[in-house]
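J.: when you get a sec, could you give me coordinates for this:
(one chain, ligands or ions: 1)
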Amino acid sequence: MIDEIRRIEDDARGRVAAVDTVAELVELDRELLGKRSALTGTKRQMGALSEDERRELGAALNAAQESIRGFLAARRAELEAVEREVQLGAERLDLTEVRADRDAGHLHLITQVVEELEDVFVGLGFTVAEGPEVEDDWHNFTGLNFGTYHPARDMQDTFFVDLGAPREVVLRTHTSPVQMRVMEGQAPPIYSVVPGRVYRNEAADATHLAVFHQIECLVVDHGITFGHLAGTIDRFTKAFFGPGYSMRLRPAYFPFTEPSAEFDVQRPDGTWLELGGCGMVHPNVLRNGGIDPEEWSGFAFGFGLDRLAATRHGVTDLRELASTDVRFLSQF
Ligand code: DAH
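T.: Residues are numbered from 1 along each chain as shown. Next up, the predicted model:
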């Protein structure tokens, strides 16, 4: 019977080695070690033997069972490794495999404009800064010299976020709060531009969006004057739009600048594009940003990007800029 057990073990070794899949191996496991296996059959015949013979045979049976388990486990590990390789191969995605005849997508028109503007300002020596879109009242309003009951707060239809004290947290209504954050984060001289998304509680129509984009500029240095402001806007206008374009400033009011102005860009055909606001940074704003207005002065400006992009590319309805229609998007 010991010979019989050896034969069963040898036979098992060969059969395990011949199996090609984990599923077949599970079947074979049951066949070799289960209730109806040859080994169990041998075990059943033990009743007729003497105690010594039973002990010897029992040891041989256990040893055979152990080695068959070992064959199965080793083969299982091999097969699983192979199957994993095959599966990885099958599920492999070559992300560099872009077909030249297919449109792989591109940056959105607004992103392209932001990158172009950043290039212009970086060329003028500015650095690009960013700030949060969910902003607190201090940065969006109070720190920018909007008094608590100042009517200027109503110039901007604010989305309030239901967090903290009432009216304390807002979706930023302009990129100007980043002026405050830049001043908090660094000492002058400051030459920063800040592109970003802003929010106003307005119904969207052809010329308004509730979610749109602005770019903000902040300069703080020794001896900065209104002349530097006008010169920077002029240089920017020519660099961005081209030599046929010029700019003008008109007096205006913003709580965070004094004096303040609005600026327009004149197209070669003589028509005007109203771009944004600007002015000399108000002494209160410098103070709120931790900067001594007796020592430093600065200018700031900010303007919307969506109308600018739309005019430049002949888009007549701003809502198209938020569309996901590839027929629209693929034109730019
Ligand atoms: N934040 C203003 C707005 O959204 C635009 C603006 C005006 C920005 C004057 C400025 C500025 O930096 O100096 O209407």
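
J.: how about the contacts made by the residue in the stretch 1-150 of the chain that the ligand sits nearest to?
T.: Nearest residue of the stretch 1-150 of the chain to the ligand, counting by C-beta to the nearest ligand atom: Leu144, 8.3 Å away. Backbone N, C-alpha and C define where each C-beta goes, glycine included. Going by C-beta atoms under 8 Å, 6 or more residues apart in numbering, Leu144 touches Ser176, Pro177, Gln179, Met180, Pro255, Phe256, Val285, Asn288.

J.: who wins for neighbours among those residues?
T.: Within the contacts of Leu144, most neighbours by other C-beta atoms under 10 Å means Gln179, with 31 neighbours.

J.: look up the closest residue to that residue, ignoring the ones flanking it.
T.: Leu218 (4.7 Å; C-beta to C-beta, 6 or more residues apart in numbering).

J.: specify the local secondary structure of that neighbour.
T.: Following DSSP: H, G, I helix; E, B strand; the rest coil, Leu218 is assigned to strand.

J.: and it, how far from the ligand?
T.: Separation of Leu218 from the ligand (C-beta to the nearest ligand atom, to the nearest Å): 7 Å.

J.: so what sits opposite that residue in the bridge?
T.: Ser192, Ala300 (DSSP bridges).

J.: let me know whether it touches Val182 as I believe.
T.: Yes - at 5.9 Å, Leu218 counts as touching Val182 under the criterion of C-beta atoms under 8 Å.

J.: between those two, who's got more neighbours?
T.: Leu218 (26 against 22).

J.: what's the following helix or strand after the least confident helix or strand in the chain by mean pLDDT?
T.: Least confident element among the helices and strands of the chain, by mean pLDDT, DSSP states H and E: helix 38-44 (a mean of 83). Per DSSP states H and E, the first helix or strand lying C-terminal to helix 38-44 is helix 51-91.

J.: tell me who's in contact with Ala203.
T.: Applying C-beta under 8 Å, 6+ apart, we find Ala203 in contact with Ala210.

J.: is it true that it lies in a helix?
T.: No - membership of Ala203 in a helix is not supported by three-state DSSP, which gives coil.

J.: from the ligand, how far out is it?
T.: According to C-beta to the nearest ligand atom, Ala203 and the ligand sit 18 Å apart.

J.: and the pLDDT at that residue?
T.: pLDDT for Ala203: 91.

J.: what helices or strands is the least confident helix or strand of the chain leaning on?
T.: Applying 3 or more C-beta pairs under 8 Å, 6 or more residues apart in numbering; DSSP states H and E, we find helix 38-44 packed against helix 2-18, helix 22-33, helix 51-91.

J.: okay, the contacts of Leu144 in a markdown table with distance to the ligand next?
T.: Converted to a markdown table, these look like this (distance: C-beta to the nearest ligand atom, whole Å):
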| residue | distance to the ligand |
| --- | --- |
| Ser176 | 4 |
| Pro177 | 9 |
| Gln179 | 7 |
| Met180 | 11 |
| Pro255 | 9 |
| Phe256 | 6 |
| Val285 | 9 |
| Asn288 | 14 |
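
J.: tabulate the residues you listed (TSV), appending pLDDT.
T.: Converted to TSV, those look like this (pLDDT from 0 to 100):
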residue	pLDDT
Ser176	97
Pro177	98
Gln179	98
Met180	97
Pro255	94
Phe256	97
Val285	98
Asn288	97
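
J.: quick one: which of these is nearest Leu28?
T.: Pro177 (70.2 Å; C-beta to C-beta).

J.: that closest one and Glu133 touch, don't they?
T.: No - distance between Pro177 and Glu133: 9.9 Å, which falls outside the contact criterion (C-beta under 8 Å).

J.: just give me how far the least confident helix or strand of the chain sits from the chain centre.
T.: Chain-centre distance of helix 38-44: 65 Å, with C-alpha atoms, centre = their mean, to the nearest Å.

J.: in that helix, which residues are buried?
T.: Buried residues in helix 38-44, counted by 16 or more other C-beta atoms under 10 Å: Ala38, Leu39, Thr42, Lys43.

J.: repeat that for stretch 281-294.
T.: Judged by neighbour count (16+ other C-beta under 10 Å), stretch 281-294 contains these buried residues: Val281, His282, Pro283, Val285, Leu286, Asn288, Gly289, Ile291, Pro293.

J.: since that was my last question, I'll sign off now.
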